[in-house]
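Asks: Got a sequence here, can you build the structure:
(2 chains)
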2 protein chains.
Amino acid sequence: MGEFELIRKFFQREQAENPAPGVIQGIGDDCAILALPTAQHLAISVDTLVEGVHFPVGADPELLAERALRTNLSDLAASGASPLWFTLALTLPTVEEDWLRLFSRGLFAAANEYGCVLVGGDTTKGPLTVTVQIMGSVEPHLALRRDGASAGDFVLVTNTIGDGAAALAAIQERIALTDEHRAWLQEKFYRPVPRLKESALLRGIASAALDISDGLLADLGHICHASDVGAVIDVASLPFSAAMQSLNDIEQARAWALGGGDDYELCFTVSPDAMPDLALLIARGELQATIVGELVPGAGVVCELDGELYRPAQQGYQHFS
Amino acid sequence: MGEFELIRKFFQREQAENPAPGVIQGIGDDCAILALPTAQHLAISVDTLVEGVHFPVGADPELLAERALRTNLSDLAASGASPLWFTLALTLPTVEEDWLRLFSRGLFAAANEYGCVLVGGDTTKGPLTVTVQIMGSVEPHLALRRDGASAGDFVLVTNTIGDGAAALAAIQERIALTDEHRAWLQEKFYRPVPRLKESALLRGIASAALDISDGLLADLGHICHASDVGAVIDVASLPFSAAMQSLNDIEQARAWALGGGDDYELCFTVSPDAMPDLALLIARGELQATIVGELVPGAGVVCELDGELYRPAQQGYQHFS
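Replies: Presented below is the predicted three-dimensional model:
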């Protein structure tokens, strides 16, 4: 199968069935030509997943594709942007139709769920690598950034954290769980929910935001660095899922929440002035979020437990470190 | 060196020195936030280069980076778009500072020459792979497409073709050349000139266009397929460089021009009505282009020489074929 036939067979068909707003010219020309909604800014992010580094050899192609797109959508959520389009650069060692069929199914399932459209890409021969570039729109001046936080702001996270690391432990059979908890964690790991709904609510309320991919400590550290502030995390306040709580190992749960990564929840900051608006959203059940600390003058992130300095067991994840 | 330090050291510095129009937020956040010029469409294209497939192991990192960006800019030219921004997804087996310094130098040399700005990316560990996504702006309704051609249109190419394949033969020492011709071909191969100037002149004149990356036969075939027409190439009219002519092997020159690829010249079509406008541009020396054939009712591309059917020696390049 040639490159062009491969694209037509697995990546172009569903495009034609769902022509999307703003796609003047999609797959199949030198460039995609796209019309951004009037008076909006473009938000873009790119992520690469390499076999044997970011996912194991032999990983389920359908879940791989879902995960690749969903984690990229999480970057849009972190910026307060709404999904529009994406491109896919796919490097394959060989053309296996079964693999491509599953990969394509996962990709379009996630794309359709979040209303973003494949507009272009490149297929090449080589070691299995998946690079997704996501594009979205964001209202000028309402993008969520990392550098808008101030000392005195509250630090919050959406939903529960540490589940990404717990899921990995469950998949690798390092922990014992009920079937229900195991299934919940695996779903969260393979099909993370980009917090786009929450992100839309936080525009105009959060002073800074990002998504937790490297662990709360490392990611909150990015906000602190960009905003030139320090942070104190109250370890006792970290929100854990029922699956995490069922393990009855609070130290492990804290280590995963602080340093585990792969959570794709939002970490965001809110000034005292904006807290009433946020509290109303939480009280109405429109947003699930927990205060886990506050920003202070200075630099770096420290953890406290019962008023004492707390030393976390695990640092955030970095490639090449 | 960690991922973040790597980005700061090699990819963020020159960004800060050259803040670009439209870059609301560049490298270092979850998304880049970009403002497209008012009432323009976005043009995007993505290309991956894999070590051992698209470039040899041990290739000069500076030339590799230049080539990666320039070939992507050529896709913008093929669409009649003007460069604005790009992202870089770079997968590296190890962090070698000397390699990164050279790669970064080549990347920013090409970026500065064509006025496009690195706005984001991803660095990962794995087999050496370079994925560039280029973004530009294009006036609505003036994008050059593949599907606008009609039977009766003339087929033209800019400058000379076949040089990409000749350069590869020279680099692999399969042909004998003067030093001057060898240097000219190598420069054209490693630092192809994206035909942005020509492309801007062709907006509103060309009925269809693309850049020649897979060979004239294959690429003109894309225009024919998209526009539902056939084409006849007059082999005697193919324009060759002085370096190609110096080889005194007309059959080899034709084979390279028709099937060699890597030329990054524009192939475009012009209706008889628009030919006077184009001829004026050529006569004024603003554009160098040659009529190499015409479009006919039907499908597919055939070659003629002295009124007889001509069978080219080499087909276009396709991955996975």
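Asks: list the contacts for the closest residue to A:L100 other than its chain neighbours?
Replies: Distances taken as Cβ to Cβ, 6 or more residues apart in numbering or on different chains place A:F10 nearest to A:L100, at 4.7 Å, with adjacent residues excluded. Bear in mind the C-beta positions are built from the backbone N, C-alpha and C, glycine included. By Cβ atoms under 8 Å, 6 or more residues apart in numbering or on different chains, the contact list for A:F10 reads A:100-101, A:103-104.
Asks: Of those - the most surrounded one?
Replies: Using other Cβ atoms under 10 Å in any protein chain shown as the neighbour criterion, A:F103 leads the contacts of A:F10 with 25 neighbours.
Asks: Was I right to think it contacts A:E66?
Replies: No - contact criterion Cβ atoms under 8 Å: A:F103 and A:E66 do not qualify, at 9.6 Å.
Asks: farthest-separated two in the contacts of A:F10?
Replies: A:R101 and A:F103 (7.4 Å; Cβ to Cβ).
Asks: buried residues in stretch A:300-308?
Replies: For stretch A:300-308, a neighbour-count test (16 or more other Cβ atoms under 10 Å in any protein chain shown) marks A:301-303 as buried.
Asks: about what we covered before: what about the residue nearest to A:L100, distance to chain B?
Replies: 12 Å (Cβ to the nearest Cβ, to the nearest Å).
Asks: For that residue, give me phi and psi.
Replies: With angles defined as degrees, to the nearest 10, A:F10 sits at phi -110, psi -20.
Asks: Which pLDDT value does the model give it?
Replies: At A:F10, the pLDDT value in this model is 82.
Asks: Low-confidence ranges, the stretch 201-321 of chain A, go.
Replies: For the stretch 201-321 of chain A, the stretches flagged by pLDDT under 70 are A:314-321.
Asks: go again using 50 as the cut-off
Replies: A:316-321 (pLDDT under 50).
Asks: Now do the strands in it.
Replies: For the stretch 201-321 of chain A, applying DSSP state E, counting those that start in this stretch gives strands covering A:206-211, A:230-234, A:266-270, A:289-296, A:300-305, A:308-310.
Asks: how far away is the residue in the stretch 151-300 of chain A that chain B sits nearest to from A:L220?
Replies: Nearest to chain B, among the residues of the stretch 151-300 of chain A, is A:L210, at 5.3 Å (Cβ to the nearest Cβ). Applying Cβ to Cβ, to the nearest Å, the value for A:L210 to A:L220 is 8 Å.
Asks: hey, which of the strands of the stretch 201-321 of chain A is tucked in deepest?
Replies: Ranked by mean neighbour count under mean count of other Cβ atoms under 10 Å in any protein chain shown, those are led by strand A:266-270, which reaches a mean of 28.
Asks: anything in it near chain B?
Replies: No - applying Cβ under 8 Å from any Cβ of the partner chain, one finds strand A:266-270 separated from chain B by no less than 10.0 Å.
Asks: What is the distance between that strand and the centre of its chain?
Replies: 14 Å (Cα atoms, centre = their mean, to the nearest Å).
Asks: Same question for stretch A:270-279.
Replies: Offset of stretch A:270-279 from its chain centre (Cα atoms, centre = their mean): 24 Å.
Asks: in the stretch 1-150 of chain A, which segments are predicted with low confidence?
Replies: Low-confidence segments of the stretch 1-150 of chain A (pLDDT under 50): A:16-17.
Asks: could you show me where the helices are in it, in order?
Replies: Assigned by DSSP state H, counting those that start in this stretch, the stretch 1-150 of chain A shows helices spanning A:3-7, A:13-17, A:61-78, A:97-114.
Asks: Would you mind giving these as JSON lines with distance to B:W256 added?
Replies: Formatted as JSON lines, those follow (distance: least, Cβ to Cβ, whole Å):
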{"stretch": "helix A:3-7", "distance to B:W256": "21"}
{"stretch": "helix A:13-17", "distance to B:W256": "35"}
{"stretch": "helix A:61-78", "distance to B:W256": "39"}
{"stretch": "helix A:97-114", "distance to B:W256": "33"}
